[in-house]
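In: the sequence isn't on hand, but the structure is:
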């Protein structure tokens, strides 16, 4: 919109209605920001803005934050964000409207009023909030329409993107798909390795499969949370018997020295073989630590073997090795323990 005054024509400051891309174009710090969506992007940016001095509230409908993660671990992240001052309203029934209210914040951003209804004890209560920035972080649609893909006989869905095979071929076998436009793993590193897969398959007669990629991912909040492989719910759905092994950073000497004892390493391992089926790390540099676990999964190194990988002391990554110790100790059945005691007596 345009505003006229005696000095000429100036462009009015537009309302700060933001996405994960445009939020980085802000030149004025919002006073009160609303974040719609409690997933990865919403949580990362909400905490960052709060720490920069903006008052941030995260809104959602599911009652959860980081819904893909184990909720007891996601709660560790949420608790820290609440300590930082981020507020949460996660039982929204309906977002009704958002309108300019004619006022301007001290920072020069136009104020807006958002009307919505909350679910409170089964009742819907209407609420209103004033803000000067809103971040929409409820997911993204793949950019696949408007390109006449039908003429190339390439099938797609406007929500999930290109339909591709496990070798990343579209319904036109001469065309391949890579990245966010055809994958649930919307990460730069996932797109990178999907591209490597396509190059092998398209140019070098390869038979590489998307399903063979073990893709870790991390949420860069403080503390970070990172996961790889299958979650408990996935394993139960598939009928796979598993054990959960944990080691907390509060038991780690380096974490104690650094005063950063939040979080833990959680492994989900095959109940019989000890092969790592999935893992989650929440804590400082979780995104870095998940790589060692991903390597173990890639090379089929079981958690029992990780116990024998020597780590420098004192480091927080020792927690991964120590989780192997926990697993091995749990494997000592009463019969084995009795046998070992007998061996020790004989040696005396």
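Out: Cool, the structure landed. Computed from a predicted model, the values in this text were never measured in an experiment. Numbering: from 1, shown residues only.

In: what does whichever helix in the chain runs longest rub up against?
Out: Using DSSP state H to define each element, the chain has its longest helix at helix 188-203. With contact meaning C-beta atoms under 8 Å, 6 or more residues apart in numbering, helix 188-203 is reached by 167-169, 176, 178-180, 183, 206-210, 213, 215, 217. Backbone N, C-alpha and C define where each C-beta goes, glycine included.

In: chain center to that helix: distance?
Out: Distance of helix 188-203 from the chain centroid (C-alpha atoms, centre = their mean, to the nearest Å) equals 22 Å.

In: then stretch 257-274?
Out: Counting by C-alpha atoms, centre = their mean, stretch 257-274 comes out at 17 Å from the chain centroid.

In: equivalent analysis for stretch 222-237, please.
Out: How far stretch 222-237 lies from its chain's middle: 10 Å, per C-alpha atoms, centre = their mean.

In: okay, helices next: where are they in the protein?
Out: Counting by DSSP H, the helices of the chain are 40-51, 71-84, 188-203, 232-237, 253-258, 286-298, 303-306, 318-330, 334-347.

In: among those, which comes closest to residue 22?
Out: Closest to residue 22 of the helices of the chain, according to C-beta to C-beta: helix 40-51, at 11.3 Å.

In: quick revisit: just the buried residues from the contacts of helix 188-203, in PyMOL please.
Out: Buried subset of those, written as a PyMOL selection, criterion 16 or more other C-beta atoms under 10 Å:
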select buried, resi 167+168+169+176+178+179+180+183+208+210+215+217
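
In: residues near residue 211, how many?
Out: With neighbours defined by other C-beta atoms under 10 Å, the count for residue 211 comes to 8.

In: what would the helices of the chain look like in a markdown table with distance to residue 163, mean neighbour count and mean pLDDT?
Out: Compiled in a markdown table, the helices of the chain are given as follows (distance: least, C-beta to C-beta, whole Å; neighbours: other C-beta atoms under 10 Å; pLDDT from 0 to 100):
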| stretch | distance to residue 163 | mean neighbour count | mean pLDDT |
| --- | --- | --- | --- |
| helix 40-51 | 25 | 21 | 98 |
| helix 71-84 | 31 | 16 | 98 |
| helix 188-203 | 15 | 16 | 94 |
| helix 232-237 | 23 | 13 | 95 |
| helix 253-258 | 46 | 15 | 96 |
| helix 286-298 | 28 | 19 | 97 |
| helix 303-306 | 37 | 21 | 96 |
| helix 318-330 | 38 | 19 | 95 |
| helix 334-347 | 52 | 9 | 70 |
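
In: and of those helices, who's closest to residue 62?
Out: helix 71-84 (10.5 Å).

In: counting by contacts, list what that closest one packs against.
Out: Counting contacts by 3 or more C-beta pairs under 8 Å, 6 or more residues apart in numbering; DSSP states H and E, helix 71-84 is packed against helix 40-51, strand 87-89, strand 224-229, strand 276-283.

In: low-confidence stretches in the chain?
Out: Residue ranges of the chain with pLDDT under 70: 1-11, 333-340.

In: scan it for its longest strand.
Out: strand 92-104 (DSSP state E).

In: re the thing from before, and the contacts of helix 188-203, which two are furthest apart?
Out: Greatest spacing in the contacts of helix 188-203, by C-beta to C-beta: 207 and 217 (25.6 Å).

In: what's the end-to-end length of stretch 292-307?
Out: 13 Å (C-alpha to C-alpha, to the nearest Å).

In: how far off centre is that stretch?
Out: On C-alpha atoms, centre = their mean, the centre of stretch 292-307 falls 22 Å from that of its chain.

In: list of residues touching it?
Out: For stretch 292-307, using C-beta under 8 Å, 6+ apart, the contacting residues are 214, 216, 228-229, 245, 265, 267, 269, 273-276, 279, 281, 317, 320-321, 323-325, 327-328, 331.

In: at 10 Å instead, please
Out: 212-216, 226-229, 243, 245, 265, 267-270, 273-281, 309, 311, 317, 320-329, 331 (C-beta atoms under 10 Å, 6 or more residues apart in numbering).

In: do the same with stretch 138-156
Out: The contact list for stretch 138-156 (C-beta under 10 Å, 6+ apart) reads 19-21, 35-39, 41-42, 59-61, 95, 157-164, 170-175, 177, 179-183, 186.

In: wait, doesn't residue 279 sit right on residue 323?
Out: Yes - at 8.9 Å, residue 279 counts as touching residue 323 under the criterion of C-beta atoms under 10 Å.

In: need the contact list for residue 167.
Out: So residue 167 contacts 173, 176, 197-198, 200-202, 206-211 (C-beta under 10 Å, 6+ apart).

In: JSON lines for the residues you listed, including distance to residue 153?
Out: Shown next, in JSON lines, are the contacts of residue 167 (distance: C-beta to C-beta, whole Å):
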{"residue": "173", "distance to residue 153": "10"}
{"residue": "176", "distance to residue 153": "14"}
{"residue": "197", "distance to residue 153": "22"}
{"residue": "198", "distance to residue 153": "19"}
{"residue": "200", "distance to residue 153": "24"}
{"residue": "201", "distance to residue 153": "19"}
{"residue": "202", "distance to residue 153": "17"}
{"residue": "206", "distance to residue 153": "23"}
{"residue": "207", "distance to residue 153": "23"}
{"residue": "208", "distance to residue 153": "24"}
{"residue": "209", "distance to residue 153": "23"}
{"residue": "210", "distance to residue 153": "21"}
{"residue": "211", "distance to residue 153": "24"}
